[in-house]
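Participant: Can you look at this prediction? I've put the sequence above it.
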Amino acid sequence: MFDTKDFMAHTRALRNVLKRNSETLALINKLAATLALEIYIEDSEGTSLLGTKLNLKNKHSLCDAELNYGALYSHDTSGEFLAEFVSFLVKKELEKKKIGQEVLGLYREINMIYNFSEMISEKIDDASIAVTALQEACQIINSTHGIFLVYEPEENRVIEMAAIGDNPNSDYNISDQSSMLKELILRGTAAIVPVERIKSNPALGHLKTVMYAPLKVKHRTLGMIILGHQDEVEFTAAELKLLTTIALQSAAAIESAQLYQKGLKEARDREEAIKKIHEVSQKFVPHEFIKSLGKDKLTEVALGDQVEREVTVMFTDIRGFTALSERLAPKENFLFINSFNKRMGPIIRNNEGFIMQYLGDGFMAIFPNGSQNALRASVEMHLALKSYNKERSAKKRSLVQIGIGMQNGKLIMGITGDVERMDAAIISDTVNTASRIEGLSKHYGTSILLTDLCKNNLSHPEEFDFRYLGPVQVQGKNKPIDLYECINGDDPELRNHKLETLSTFEHGMELYFNKEFAMAAVTFQQIVKLNRDDHTAKLFLNRAAHLITQEIGDDWKGVESITKK
Amino acid sequence: MKQKLLIVDDESHIRMLIEQTLEDLEDDGVELLFAENGEQALEVIQREEPNLVFLDVMMPKMNGMEVCHKVKKELNLSHVYIILLTAKGQEVDRQKGLDMGADRYMTKPFDPDEMLSIAEEILNR
């Protein structure tokens, strides 16, 4: 029996033969003319397709076996032959349609796979690939349930990456049957599961039909996709083929996602390692130094890189370290120095400076952005030292004192050495002077000693209190240097004393430079009387007292000449 | 009046695919017309004035862009709705096609269901 669909198809084919295809129509007309036949063709509903009916009495059926889809009329029986010919053309047209339908089906499949590949290739993590692949598979292949599984050989387990559809029997889950799944995955084949096997597996009890396909890449199977339907819908071989294609595409995407993630992780690890090396190298060559060379990373600097900068060079030294260290074992000595440096380092960095060199019992620091930073750091260092001393005092340890000296000037920072062994180096006379100024702080009994160049370079001098200590002739320098004491790092009691006697001190200095040594000595004596820890006043008292009995020439300018380092 | 739909592609299998895709429209009285190159397309469009044309871009003799330009800009047949068909990866032509007066764009491989629903939507307007 023919159904309506077949009937419609035949009617449409007849119409196509006579209406759409001009070549076949011409051929039919030519044959009719040759046979001297008048013809009329209509479909089964009586719709005229060719010619006019008029008095044509002989009706010849246009049919396929028992299906009658139209008629050809002629004035005599010879129209029979033409009716057979038209039926033949309709048959051929139907065959062409059938092929067309098959091609369209394949085209539909190609289009779906094309879209699927495009969608999946945009994903870079295997979890979203799994979810998208399963959603698409369930949609393309009519299915109510699906699971996307991946086998992890290292952990020997099967992981459910995505799942679609409810399982009413939650006591049994297909994902729990890992040994069976592993076996299927490793087998690497696709199949439609026989009905009896579905029925015998309680985890598949809610499904009527099930099929699976492996996630294959080259010779490996990464996992599998399982699809199922809860209704009596049989999966076809074509659908299994489609699922296999989807699984292949997914496997390729998963593999490239895994490679991408692996590459990403390796790149991150490399970056992390480089960062660590960079961080460590920064501890040896300060970042500020590299920055001063106009570079960002140590790897960017090259032998011969150099820059001349106006900087403040600060030296600091632990007073009486030799005596202190004699009482300590070498290891304790080292621990003590480290404990001291650990406190001071951050202060230097916080004030935009860097420690250029550790000198055993002290260090040299450079402040590229001026003496304001250096002086702030010096005061903070003294304050930090006070709290350190409190801790030491509680532990019955001897107290630590430091001296700080600084000078401003030009300095060349650069990379020296050879291609195999390089080091950050500075070349400058400022370094020698700064070191000497620090040495003088001991001589003058000051906690912070600086030169006029440093003082003049301060952006906010009002933050600090100073006492002018006169000029000094430093060894190796032609011109004397004016020295200032900064009192802000002193103990509060001593600082208050110095502030209260500041004008007296300045008056004493004036008398001293005016060679009125007796008066100067009396003035300094007044100051010392008030606080015997004012070593600077004591120094000038002694100098003035000494000069009272000395012959002083006209060229005496009060320049102190220091010959020792 | 009977609605007409013209399918223009130089590849016979594509013509056949589109025909298969749009065949159901014939049941609603839509007449399907065919052309296998640009010149033929232009001739059919002038003669039949179809309501909708699926027009392939890459064709010998006269390409789809030229056909589109002639129909829309020179022959003033602006009521002929033209959908340009081009291969995926040649989307750069999209703007050019629209500049030529095309009403819409579709890429090949096309989704048959989408093509049918677009055709229905346009013919039912």
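Facilitator: Structure received.
Participant: Surely residue A:357 is in a strand?
Facilitator: Yes. Under DSSP: H, G, I helix; E, B strand; the rest coil, residue A:357 falls within a strand.
Participant: For it, list the residues it contacts.
Facilitator: With contact taken as Cβ atoms under 8 Å, 6 or more residues apart in numbering or on different chains, residue A:357 is in contact with A:363-364. From N, CA and C alone the C-beta is placed, and that goes for glycine too.
Participant: Can you classify the closest residue to residue A:206 other than its chain neighbours by secondary structure?
Facilitator: With sequence-adjacent residues excluded and distances taken as Cβ to Cβ, 6 or more residues apart in numbering or on different chains, residue A:206 is closest to residue A:168, at 5.4 Å. With three-state DSSP as the basis, residue A:168 sits in coil.
Participant: Look at residue 61 and say how many residues are nearby.
Facilitator: No chain specified, so I'll use chain A. Applying other Cβ atoms under 10 Å in any protein chain shown, we find 14 residues neighbouring residue A:61.
Participant: try chain B instead
Facilitator: The number of residues near residue B:61, taken as other Cβ under 10 Å, comes to 14.
Participant: wait, isn't it in contact with residue B:38?
Facilitator: Yes. Residue B:61 lies in contact with residue B:38 (Cβ atoms under 8 Å); the separation is 5.2 Å.
Participant: Quick check, pLDDT for the residue nearest to residue A:35 when sequence neighbours are not counted.
Facilitator: Among residues not flanking residue A:35 along the chain, residue A:78 sits closest, at 6.1 Å (Cβ to Cβ, 6+ apart). Looking at residue A:78, its pLDDT is 83.
Participant: Settle this for me: residue A:16 is touching residue A:93, isn't it.
Facilitator: Yes. Taking contacts as Cβ under 8 Å, residue A:16 lies within contact range of residue A:93: 5.6 Å.
Participant: what kind of secondary structure is the residue nearest the centre of chain B in?
Facilitator: Among the residues of chain B, the one closest to the centroid is residue B:54, at 1.5 Å (Cα atoms, centre = their mean). In three-state terms, and counting by three-state DSSP, residue B:54 is strand.
Participant: For it, list each beta-bridge partner.
Facilitator: residue B:7, residue B:83 (DSSP bridges).
Participant: And the residue nearest to residue A:206, what's its pLDDT?
Facilitator: For residue A:168, pLDDT reads 79.
Participant: Could you report the neighbour count for it?
Facilitator: Using other Cβ under 10 Å: residue A:168 sits among 7 other residues.
Participant: interface residues of the stretch 51-200 of chain A facing chain B?
Facilitator: Residues of the stretch 51-200 of chain A found near chain B (Cβ under 8 Å from any Cβ of the partner chain) are A:97, A:100-101, A:103-104, A:107-108, A:110-111, A:114-115.
Participant: Arrange those in TSV, one row each, with pLDDT as further columns.
Facilitator: Output for these, formatted as TSV (pLDDT from 0 to 100):
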residue	pLDDT
A:97	86
A:100	86
A:101	85
A:103	86
A:104	86
A:107	86
A:108	84
A:110	85
A:111	84
A:114	86
A:115	85
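Participant: So which of those residues belong to helices?
Facilitator: Assigned to helices by DSSP state H, the following of these qualify: A:97, A:100-101, A:103-104, A:107-108, A:110-111, A:114-115.
Participant: Same list (the residues you listed) but as CSV, adding neighbour count and distance to residue A:391.
Facilitator: CSV is the format used below for these (neighbours: other Cβ atoms under 10 Å in any protein chain shown; distance: Cβ to Cβ, whole Å):
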residue, neighbour count, distance to residue A:391
A:97, 18, 98
A:100, 17, 94
A:101, 14, 92
A:103, 14, 90
A:104, 18, 88
A:107, 21, 84
A:108, 17, 82
A:110, 11, 80
A:111, 17, 78
A:114, 14, 74
A:115, 14, 72
